[in-house]
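A.B. asks: generate a structure from the sequence data that follows.
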Amino acid sequence: MRESTEARPTEVAEPEPVEVAEPVGRPEPAEPAAPEDPLGAALAVADARAAMSGGFVAGGPWALRLHAPDRLKVTCVVRGGCLLVREDTGEQVRLAAGDVIVSDGALPYVMCSDAGVTPMAGSQLPVDPHTGLRTIGDGADLMCVAGHVDLSRDGGSLLRDALPPLVHVHSDAPEAGTLRRLTEQLLDEMTGNRPGAAVAMDHIAQLLFLQVLRISLADTTSLPPGWLRGLADERIAPALRLMHGEPARPWQLEELARAASLSRTAFAVRFRETVGVPPLTYLLTWRMNLAARALRHDGTPVAVLAREVGYGSESAFSNAFKRAMGTSPRNYRHSLGVATASVRG
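C.D. replies: Next up, the predicted model:
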């Protein structure tokens, strides 16, 4: 796994509840979704933006290395089939027409006709200016279109930790029809040479990624412990919605357990098994993710931001942020070149 240029959360202790002032509302771009949609809120907080990367056609013996440390790769097989090989473990996955995969770009993957072929980098292949497709060999056996999800804004941990290294949606999956229609739209925009095609392709890529997440929520067997798996748990999801909806509130374990219709002990055990951390540790991590996003996007004074994420003083917030993120709020903001607002608008 790569070393991120941004600090990432570390293991933290359970936070003590604090008294806070009423949160102060403030306008900001791409506001996280409403509390009833924690999936949308998490994607907004992670600044997860999908974009179209292009695609390729291949024929004969071929192999292509996939590597993009700051990204999740979204690849759709339009026609034909191939192998996906994880180079570090040797794991092989057979892909067929209609399949969609989301792979962690920080891990070494190869797409190929045969595992014995020496892979090349995609950057070595010329791009057809009319279709946006690269060609390997005669291009007769396979067509893929691909997008990516940029993880560089928050260091990638919020999404990367919630997903397995490889998500494979088979063409016969119950909701694969939606993915096929989106893939067809993507290909149509790539080859149609119409105004606004690049914008349209990025929006379709975002919908593709969202649909893969929805399918993952319907079948959590492959998901690691994390917030995404928690959203699919009928007992844990209500507690997550409460914490996402009112992050500044000093939530008590009893309140969250009551929302889950479980005893304190049963709730704490189930939450940790499903999400991977205790409930109040998750709340602290969520607050720090919200704070980091605000620091990336605007110049809200740190003292104001502290109240908005549940801290009664700037020093308490700054200490918690530094423990979780490895740097102070001001240094985090300064490293991104975001100016501090002197007057609250």
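A.B. asks: quick check: phi and psi on residue 223?
C.D. replies: Phi and psi for residue 223, reported as degrees, to the nearest 10, are phi -80, psi 140.
A.B. asks: that one is in contact with residue 230, isn't it?
C.D. replies: No - in this structure, residue 223 is not within contact of residue 230 by Cβ atoms under 8 Å, at 9.5 Å. C-betas here are computed from N, CA, C, even on glycine.
A.B. asks: looking at the two, which has the bigger crowd around it?
C.D. replies: Taking other Cβ atoms under 10 Å, residue 223 and residue 230 do not tie; residue 230 has more neighbours (23 against 19).
A.B. asks: low-confidence ranges in the stretch 201-345 of the chain?
C.D. replies: 338-345 (pLDDT under 70).
A.B. asks: quick check: mean pLDDT across the host helix or strand of residue 149?
C.D. replies: Assigned by DSSP states H and E, residue 149 belongs to strand 142-150. Average pLDDT, strand 142-150: 89.
A.B. asks: which residue ranges of the stretch 151-300 of the chain form helices?
C.D. replies: Ranges of helices in the stretch 151-300 of the chain, per DSSP state H, counting those that start in this stretch, are 157-160, 176-192, 197-218, 227-231, 237-245, 253-259, 264-275, 279-297.
A.B. asks: residue 99 is nearest to which of the ones you listed?
C.D. replies: helix 176-192 (8.2 Å; Cβ to Cβ).
A.B. asks: what is that closest one packed up against?
C.D. replies: strand 49-58, strand 71-79, strand 100-104, strand 142-150, helix 197-218 (3 or more Cβ pairs under 8 Å, 6 or more residues apart in numbering; DSSP states H and E).
A.B. asks: does anything pack onto the fourth one? Which helices or strands?
C.D. replies: It refers to strand 142-150. strand 49-58, strand 71-79, helix 176-192, helix 197-218.
A.B. asks: for the residue lying closest to residue 180 once chain neighbours are set aside, which three-state class applies?
C.D. replies: Using Cβ to Cβ, 6 or more residues apart in numbering and skipping residues adjacent in sequence, the residue nearest residue 180 is residue 98, 5.7 Å away. Under DSSP: H, G, I helix; E, B strand; the rest coil, residue 98 falls in the coil class.
A.B. asks: so residue 98 touches residue 176, yeah?
C.D. replies: Yes - if you go by Cβ under 8 Å, residue 98 and residue 176 touch, sitting 6.2 Å apart.
A.B. asks: need the residues touching each of those two.
C.D. replies: Counting by Cβ atoms under 8 Å, 6 or more residues apart in numbering, the common neighbours of residue 98 and residue 176 are residue 170.
A.B. asks: just want the most central residue of this structure.
C.D. replies: residue 159 (3.2 Å; Cα atoms, centre = their mean).
A.B. asks: please report the distance of residue 175 from residue 214.
C.D. replies: Here the criterion is Cβ to Cβ, to the nearest Å. By it, residue 175 lies 7 Å from residue 214.
A.B. asks: hmm, back to that, the helices and strands packed on helix 176-192: which one's closest to residue 120?
C.D. replies: Taking Cβ to Cβ, strand 49-58 is the member of the helices and strands packed on helix 176-192 nearest to residue 120, at 11.0 Å.
A.B. asks: just name the most buried of the helices and strands packed on helix 176-192.
C.D. replies: strand 100-104 (a mean of 24; mean count of other Cβ atoms under 10 Å).
A.B. asks: so what are the sheet partners of that one and their directions?
C.D. replies: strand 71-79 (antiparallel), strand 166-169 (antiparallel) (DSSP bridges).
A.B. asks: mind exporting the helix or strand where residue 330 lies as PDB, just the C-alpha atoms?
C.D. replies: Following DSSP H and E, the helix or strand that holds residue 330 is helix 329-336. Extracted C-alpha coordinates of helix 329-336, given in PDB (Å, rounded to 0.1, in the frame of the first residue of the first chain):
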ATOM      1  CA  PRO A 329      -6.000  21.300  12.200                       C
ATOM      2  CA  ARG A 330      -4.000  24.400  11.200                       C
ATOM      3  CA  ASN A 331      -1.100  22.500   9.800                       C
ATOM      4  CA  TYR A 332      -3.500  20.200   7.900                       C
ATOM      5  CA  ARG A 333      -5.200  23.200   6.300                       C
ATOM      6  CA  HIS A 334      -1.900  25.000   5.700                       C
ATOM      7  CA  SER A 335      -0.500  21.900   3.900                       C
ATOM      8  CA  LEU A 336      -3.400  22.200   1.400                       C
END
